[in-house]
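> give me a model of this one.
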Amino acid sequence: MPLVCTYKLPDLPPHGLVENVTMMRAASQAHRWLGELKGKAASIPNQGILIDTLSLQEARASSEIENIVTTQDQLFQASLFPQAAGNADAKEVARYREALHAGFEQLRERDGLLTNNTIIDMFRILKRTDDGFRSHPGTALLNERTGQHVYVPPQDPAEVRSLMRALEAFINDDGLSELDPLIKMAIIHHQFESIHPFVDGNGRVGRMMNVLYLCRAGLLEIPILYLSRHINRTKGEYYRELQKVRDDGQWEDWIVYMLNAVSLTAQATLSLVEDIRISMAETKVWLRTNHERMYTQDLLNSLFRHPYTRIDLLVRDLGITRPTASKYLELLTDEGRLSKHRLGRDVYFVNDQLVGLLAAAE
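All right, here's what the predicted structure looks like:
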């Protein structure tokens, strides 16, 4: 028997959706914390530091939701040595960051438009494929324990493409509705996950879209608000609220769940960004006091942009020779600012203080 989607995906915005007091109160809190995070992020001298370090943490948390599990050490190694043999799951997680970076770059190049071409490009990087939206029926979401169908998305490839064109228009046309942008983000995420346009990777691509939409809406300058850790901790509630909308049109609980996720995640990220800022400031004082000739802002930025680093990265970031880069890293290791490790014949260095801050935030 062919699979049939029994959920009628709504026009956008959903007919009859009203921004009630409960939603607006949750939205107000989320806006407050996002505003503080946006301001705090500006205190970091090189925004790439936050994009690189935090997006790798998001990659790991988002992948765990899909039962792709890796350790922080494996993930950093896979990111540092992408061509080396190693943990396949870690390499797939590392590609999440690559896909997110590509999406953010395209968002900036296309004047803030989050297009279907960008969404497909992120999927292709993530899954290392040339495929696009689903071209054949047969996709269904299953209960991992029982194997029963939990949700059957639209099966007709033409309908999938039509729905994605409508979603693209909703994302990028701010005149289509007067919805609060955070409420709109929650609707976009639900609609994307319900269309389920790819054979695999929909959850991860959908979570990338969340933070890119926040940048598109001007609520963040850079993609550093990642909801996956919160979703991981409340996985049952996340899937339950997703399905309640499909079963009985219960939008309020889903939207409030997502708004609370934004508030809580923004608060946690705010604390982490402040810890990184303090660590950078302390390291800067130490370098200028003890190694004034070696200190440059580029050196400080490189040490915090790459929690796991290697000679080649320092050569690239500072424009120095390999012997000089090696000398710097060995000196910092001898004085306890870094630790030195080997992976096969490769040598790498770890900013243990920064890695500790990232681990404590998990």
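
> now V315, nearest residue through space, not along the chain?
Spatial nearest neighbour of V315, excluding adjacent residues (CB to CB, 6 or more residues apart in numbering): A325 at 4.8 Å. From N, CA and C alone the C-beta is placed, and that goes for glycine too.

> oops, could you answer that again for S279 instead?
Per CB to CB, 6+ apart, closest to S279 is Q353, 5.7 Å.

> isn't that neighbour up against I278?
No. Under the criterion of CB atoms under 8 Å, Q353 makes no contact with I278, lying 10.3 Å away.

> wait, what's in contact with L114?
Shown in contact with L114 (CB atoms under 8 Å, 6 or more residues apart in numbering): G103, L107, E168, I171, N172, M209, L212, Y213, R216.

> helix, strand, or coil at it?
Using DSSP: H, G, I helix; E, B strand; the rest coil, the structure places L114 in coil.

> likewise V347?
strand.

> any chance you could map the strands in the stretch 251-362 of the chain?
308-309, 339-343, 346-350 (DSSP state E, counting those that start in this stretch).

> among the ones you listed, which is the most enclosed?
Of all these, strand 308-309 has the most neighbours on average by mean count of other CB atoms under 10 Å, namely a mean of 24.

> note down every partner strand of that one and its orientation.
Strand pairing for strand 308-309, using DSSP bridges, gives strand 346-350 (antiparallel).

> pLDDT averaged over the partner strand - what is it?
Strand 346-350 shows a mean pLDDT of 95.

> now it - C-alpha only, CSV.
Output of strand 346-350 as CSV, limited to C-alpha atoms (Å, rounded to 0.1, in the frame of the first residue of the first chain):
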residue,chain,number,x,y,z
ASP,A,346,50.6,14.5,12.9
VAL,A,347,51.3,16.8,15.8
TYR,A,348,48.6,19.2,17.1
PHE,A,349,48.2,21.6,20.1
VAL,A,350,45.2,22.2,22.3
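
> what angle separates it from strand 339-343?
150 degrees (axes from the mean of the first three to the mean of the last three CA atoms, to 10 degrees).

> renumber starting at 57 from here on
Shifting the count to begin at 57 puts that one at strand 402-406.

> which residues touch strand 402-406?
Taking CB under 8 Å, 6+ apart as the rule, strand 402-406 contacts 132-133, 136-137, 140, 363-367, 385, 388-389, 394-398.

> kindly reformat the strands of the stretch 307-418 of the chain as TSV containing distance to H252.
Listed next are those as TSV, based on distance: least, CB to CB, whole Å:
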stretch	distance to H252
strand 364-365	35
strand 395-399	38
strand 402-406	39
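
> ok, back up a step: and for the residue nearest to V371, the neighbour number?
A381 sits with 22 neighbouring residues when counted by other CB atoms under 10 Å.

> and G274, by the same measure?
Neighbourhood size, G274 [other CB under 10 Å]: 10.

> is it in a helix, a strand, or coil?
coil.

> who are the contact partners of it?
With CB under 8 Å, 6+ apart, G274 has no contacts at all.

> if I look at it, how far off is N123?
G274 sits at a distance of 35 Å from N123 (criterion: CB to CB, to the nearest Å).

> and if you look at F405?
Relative to N123, and taking CB to CB, F405 is found at 32 Å.
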